[in-house]
Each structure stands twice: as C-alpha cells, then as structure tokens.
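Trainee: everything below, folded, please.
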Amino acid sequence: MKKLLLSIMVLAATVLGANAQEKWKELDDFHDVMSKTFHPSEEGKLDPIRARSQEMYDKAVAWKKSTAPAGFDQKAVKPNLKELVKGTKEINEMVKNKATDAELKDKLAKLHDVFHGIVEKCEKEDHH
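Mentor: Here you go, the predicted structure:
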C-alpha cells in the first residue's frame, strides 16, 4: 500500500511539474518596468518613462542576452527581442533628446505591442 501511495505521489508530481512552466526572470523584470511606464503613459503621465528609460533599455538587453528556461521557445522570440532592444534604445535616446510627450507616448505604445507579441510567442501567461 505504501509503495502504491508513493508511486501515485511521484506520478502526480511528475505530471504537475511537466505542466508548470518555469518563470523567465528577465521577462518578468522587463515586464515590471514596462507596466510601470506604459500604463501611466495611457493617462498622459510620461514622467515614469522619462525616469526609467535607461533601466528599460538595460532590462531589454539583459532579457535578450539571457537563456530561456525550459518551456519557452527562445528561437521564436529572438528576432522580436532584438526589435525590443532597438526600440528601448530609441526611447532612451528620445528621452535624452527631450522628445515631446506625444512622441514618447506613441513610441512606448508601439514598444508595448512588440512586448506583447513576444509574450504571445513564448508563453501562455498574460503579462499586461
């Protein structure tokens, strides 16, 4: 009886473990900055992106350089991560060059769409 119970517990743990996708730390780190800059911009508040544009760029670079955990298709998102890095670099330059709020808001919205495209390709969880 103990062997049967142990076998059932091992099988359940294996099945549950196979279905549970690991977290991609760099994705989550980037998402944190994106959510705290994009959502305020929807309300016309551009100070967060102005204050965190370098950090957003750094997080995008770190994500692109990272290795995806099991369950993620890194090959599918690699070109999009390259686009994300390019976009964050452009936003950072725009901030340094004192771009208007409208210009930043538009660029950030496009970058947000790129981010969501990546998330859709690499996992089923919603990062919004």
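
Trainee: skipping its backbone neighbours, what lies nearest the spatially most central residue of the chain in space?
Mentor: Nearest to the mean C-alpha position of the chain, counting by Cα atoms, centre = their mean, stands L27 at 3.6 Å. Excluding the flanking residues, the one nearest L27 by Cβ to Cβ, 6 or more residues apart in numbering is W63, at 6.1 Å. Quick note: C-beta positions are derived from backbone N, CA and C, even for glycine.

Trainee: equivalent analysis for G117, please.
Mentor: In space, and not counting its chain neighbours, G117 is closest to N80: 5.8 Å by Cβ to Cβ, 6+ apart.

Trainee: so which strand or helix has that neighbour?
Mentor: Applying DSSP states H and E as the criterion places N80 in helix 74-96.

Trainee: equivalent analysis for P69, please.
Mentor: Here P69 is assigned to no helix or strand, by DSSP H and E.

Trainee: and it, how far from C122?
Mentor: 10 Å (Cβ to Cβ, to the nearest Å).

Trainee: now S41
Mentor: When distance is defined by Cβ to Cβ, S41 is 24 Å away from C122.
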